[in-house]
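Asks: Just a sequence and a predicted model for now, questions to come.
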Amino acid sequence: MKQFLTILICLCWFFGCGQQRTMDSVSLSQKCDSLRSVYGMQTKILYKNDVPFYVALSYFPELKGLHIIVKESGIKTTLNVRPSIGSLLFRKRCKRTYIIRVNKQTGDSIISFSKLPFNAKIGILGHEFNHIVDYNKRNLGGILKRLISYSSAKTKAEYEKTIDSMTIKKGLGWQLYDWSYYVLYTSNAKQKYKTFKQNIYLKPEDILQLMRK
């Protein structure tokens, strides 16, 4: 009960009600100790700046108790998340381990997480945490079905846009908007990658439209 009240106080203190347009990284970092105390026992963040991870995670009290590991890795996208194979096969859903991988590669056309605006970091992290929410509702067969959906551009787009919609409903619409806008209109990513993002995920204008509903 005490931990639940701590989460509730953090949510009210940090974010208030509704969709918050911007988040101040400095003020949030000063208040992040309370979030570490709530989530830190289960969350292992092997990354130099853990503030955006805890801030985004505070929107997901249903993930408290899950083991979440954040680590850098050489991947082709900015972030991704998967359940660990061992926990998927041999543990109950409430005991699974999820691994968020942060791209450690750098280059002129690579979107580096560390270089994102703070609001955009929260947006993409909210998207990844919603993947965990979705995975954790599913048994092994359901997760395999989700992974198989990535073999088709159509089903992949349907899935990723559903996750984007979940992120908006969580109150992170503006943050997701800033992430999408950055990728498409601010970043130096290659046009091929931007076209892929436009086809698979919600575009900034789509996000604004959903927030108005």
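Replies: Yep, it's here.
Asks: And what about the most centrally placed residue in the chain, helix, strand or coil?
Replies: Central residue of the chain (C-alpha atoms, centre = their mean): residue 125, 2.3 Å from the mean position. Applying DSSP: H, G, I helix; E, B strand; the rest coil to residue 125 yields a three-state assignment of helix.
Asks: what's it in contact with, if anything?
Replies: 52-53, 56-57, 79 (C-beta atoms under 8 Å, 6 or more residues apart in numbering). Bear in mind the C-beta positions are built from the backbone N, C-alpha and C, glycine included.
Asks: go again using 7 Å as the cut-off
Replies: The contact partners of residue 125, by C-beta atoms under 7 Å, 6 or more residues apart in numbering, come to 52-53, 56.
Asks: Which one of these is nearest to residue 101?
Replies: Ranked by distance to residue 101 (C-beta to C-beta), the contacts of residue 125 are led by residue 53 at 12.7 Å.
Asks: now the closest one: how far from residue 35?
Replies: Distance check for residue 53 against residue 35: by C-beta to C-beta, to the nearest Å, it reads 9 Å.
Asks: where does the chain dip in pLDDT?
Replies: By pLDDT under 70, the weakly predicted segments of the chain are 1-19, 23-31, 39-41, 108.
Asks: So which of the contacts of residue 125 is the closest to residue 209?
Replies: Nearest to residue 209 among the contacts of residue 125: residue 56, at 23.0 Å, using C-beta to C-beta.
Asks: Which stretches in the chain count as strands?
Replies: Remark: strands assigned in the chain by DSSP state E are 43-46, 67-73, 79-83, 97-103.
Asks: Indicate which one of those is closest to residue 20.
Replies: With C-beta to C-beta as the yardstick, what comes closest out of the strands of the chain is strand 79-83 (21.3 Å).
Asks: Next, the angle strand 97-103 makes with the closest one.
Replies: Strand 79-83 and strand 97-103 are oriented at 160 degrees to each other (axes from the mean of the first three to the mean of the last three C-alpha atoms, to 10 degrees).
Asks: Output the contacting helices and strands for strand 79-83.
Replies: Where contact means 3 or more C-beta pairs under 7 Å, 6 or more residues apart in numbering; DSSP states H and E, strand 79-83 is packed against strand 97-103, helix 118-136.
Asks: For this structure, just list every one of the helices.
Replies: 2-15, 25-30, 33-39, 51-57, 85-90, 118-136, 140-148, 153-167, 173-181, 191-200, 204-212 (DSSP state H).
Asks: Give me the neighbour count for residue 158.
Replies: 12 (other C-beta atoms under 10 Å).
Asks: Mind listing what's buried along stretch 190-205?
Replies: By neighbour count, with 16 or more other C-beta atoms under 10 Å as the criterion, the buried positions of stretch 190-205 are 193, 197, 200-204.
Asks: Closest to residue 174 out of the residues you listed?
Replies: residue 204 (10.6 Å).
Asks: dump the residue contacts of the closest one.
Replies: When contacts are counted by C-beta under 7 Å, 6+ apart, residue 204 touches 177, 180-181, 184.
Asks: same check, this time on residue 70
Replies: Applying C-beta under 7 Å, 6+ apart, one finds that residue 70 lies in contact with 45-47, 53, 100, 102.
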